[in-house]
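**Q** fold the following for me, if possible:
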Amino acid sequence: MRSTIEHIPVQINDETRYHLLKLLEANPSISQREISDELELSLGKVNYCLQALMERGWVKARNFKNSKNKLAYMYVLTPSGLEEKARVTYRFLRLKLEEITELQREIEVLRDEAKRAVTSNKKAPAPAT
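**A** Here you go, the predicted structure:
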């Protein structure tokens, strides 16, 4: 028999996973609506992501009563969730560093183009009036 984890597609990219795990670690009693607002994701996407993290065993949901006398959840990172957060943080950092390197290359190309444009405009004869 296949486990639940194997047949549920987990389509959460590293950036979303990083931000969600970071948010849950900092504020376990955050509501799905607050997560939705904070991460600019639909409420359905937040629910899907939380379910996927729980299926993976990275997050556990615990019931508690909030100040409005409604039943709410507290999302707690498990030990394996903390390990995943460390791994995804490293991958996300590496991605951002690669993006910075690529942007620096693009900036150098643009600087060179701008210098050539300025130099060629100075050498070009003034247009006849």
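**Q** max-length helix in this protein?
**A** Assignment by DSSP state H gives helix 79-123 as the longest helix of the chain.
**Q** burial of residue 21, as a residue count?
**A** 24 (other CB atoms under 10 Å). C-beta coordinates here come from the backbone N, C-alpha and C atoms, glycine included.
**Q** what does residue 88 give?
**A** 22.
**Q** pretty sure it sits against residue 16.
**A** No. Using CB atoms under 8 Å, residue 88 is not in contact with residue 16; the gap is 9.6 Å.
**Q** what's near enough to touch the one residue sitting closest to the centre of the chain?
**A** Nearest to the geometric centre of the chain sits residue 15, at 2.4 Å (CA atoms, centre = their mean). Contact analysis of residue 15 by CB atoms under 8 Å, 6 or more residues apart in numbering lists 92, 95.
**Q** measure how the helix or strand where it lies sits relative to helix 79-123, angle-wise.
**A** Element membership for residue 15, per DSSP states H and E: helix 14-26. Counting by axes from the mean of the first three to the mean of the last three CA atoms, to 10 degrees, helix 14-26 points 130 degrees away from the direction of helix 79-123.
**Q** I'm done for today, thanks for sticking with me.
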